[in-house]
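Trainee: model the structure of this input:
(chains A, B, C and D)
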2 protein chains.
Amino acid sequence: MDGLTINEAAGTTGWSPRMLRYVERAGLVSPARSASGYRLYGPAELQRLRTLKELLNRFGIGLSDVAFAAQMKDSPELREAVEAWLEAQPRRPEDVSAEDWLRFEQEKHERLLTAA
Amino acid sequence: MDGLTINEAAGTTGWSPRMLRYVERAGLVSPARSASGYRLYGPAELQRLRTLKELLNRFGIGLSDVAFAAQMKDSPELREAVEAWLEAQPRRPEDVSAEDWLRFEQEKHERLLTAA
DNA sequence: CAAACCTTGACACGACCGTGGTAACGTTCG
DNA sequence: CGAACGTTACCACGGTCGTGTCAAGGTTTG
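Mentor: Residues are numbered from 1 along each chain as shown, chains lettered A, B, ... in the order given. Here you go, the predicted model:
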């Protein structure tokens, strides 16, 4: 049977076995299962895991964010409702662009800014 | 000057003053400010706050989710990267539709299911 | 001018995210 | 058959989300 087991997949993707199960639970990458229930990661899943990792690192987002995007993707009702809300008013990007967003998302414990 | 103060706005929208500040911080609804720095909520903001509340309740999502959607909306780079990743493979919706998503998102502490 | 309201900053708290670890039990392979 | 590996179910822990509350100080208004 083709497909790497979870530890092998962990080895080639950089995720821990623990996280591979978590990612699956989040509905993002679900490998096939062997007759006895072992996870079998094929080339497609492995690639998906690698690009997922890069996606998260590159933008500093979380699994939940991607999971939410997925949910929006296959629930037109949700997607339309959210888009409609966002469309309503532009929020001039001067105020809340990457700067403030990051500030909010990460919310380390920095002060300052106050946007003179 | 037109515009309700934060407590008045809280009264008509159902949000607490605390949460109105939090929502602003998340970059979702930013009222104008008076000369001395008081928040002034106009009809547009009030409506936006009410619909936001309904959006969250209706789909059981969080402010962060909407904030993330907003971020995707005005960062084409992020949006394209996420969409590209999601597009890659369809994930048959039998496995991870609303059921599992909710299970993951809320993750109360329920057992069972195992989808006989 | 004093009461009532606003502002930001902080402490606090339960719930959940992202992780790791361990336990208890089934599977594969040498 | 025993070692190595897989599965699920838990405990734990720092960090963030969504909230409330309180303190210290400026503003508005009767």
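
Trainee: quick one: the helices in chain A, in order.
Mentor: Remark: helices assigned in chain A by DSSP state H are A:6-13, A:17-25, A:43-59, A:63-73, A:76-88, A:98-106.

Trainee: near the spatially closest residue to A:Arg79 that is not a sequence neighbour, how many other residues are there?
Mentor: Leaving aside its chain neighbours, A:Arg79 sits nearest to A:Met72 (4.4 Å; criterion: C-beta to C-beta, 6 or more residues apart in numbering or on different chains). For glycine as for every other residue, the C-beta is placed from the backbone atoms N, C-alpha and C. Here the count is done by other C-beta atoms under 10 Å in any protein chain shown, and A:Met72 has 24 residues near it.

Trainee: and A:Met72, how far is that from B:Arg39?
Mentor: Distance from A:Met72 to B:Arg39, counting by C-beta to C-beta, to the nearest Å: 30 Å.

Trainee: give me whichever of the helices of chain A is most buried.
Mentor: Most buried of the helices of chain A, by mean neighbour count (mean count of other C-beta atoms under 10 Å in any protein chain shown): helix A:63-73, with a mean of 20.

Trainee: check whether it contacts DNA strand D.
Mentor: No - with C-beta under 7 Å from any atom of the strand as the criterion, DNA strand D is not reached by helix A:63-73; the gap is at least 8.8 Å.

Trainee: stretch A:19-39 now?
Mentor: Yes - contact between stretch A:19-39 and DNA strand D is present through A:Arg21, A:Gly37, A:Tyr38, A:Arg39 (criterion: C-beta under 7 Å from any atom of the strand).

Trainee: for DNA strand C, what's the nearest residue on chain A?
Mentor: Residue of chain A nearest DNA strand C, by C-beta to the nearest atom of the strand: A:Gly62 (2.8 Å).

Trainee: so who does that residue touch?
Mentor: Contacts for A:Gly62 (C-beta atoms under 8 Å, 6 or more residues apart in numbering or on different chains) come out as A:Leu56.
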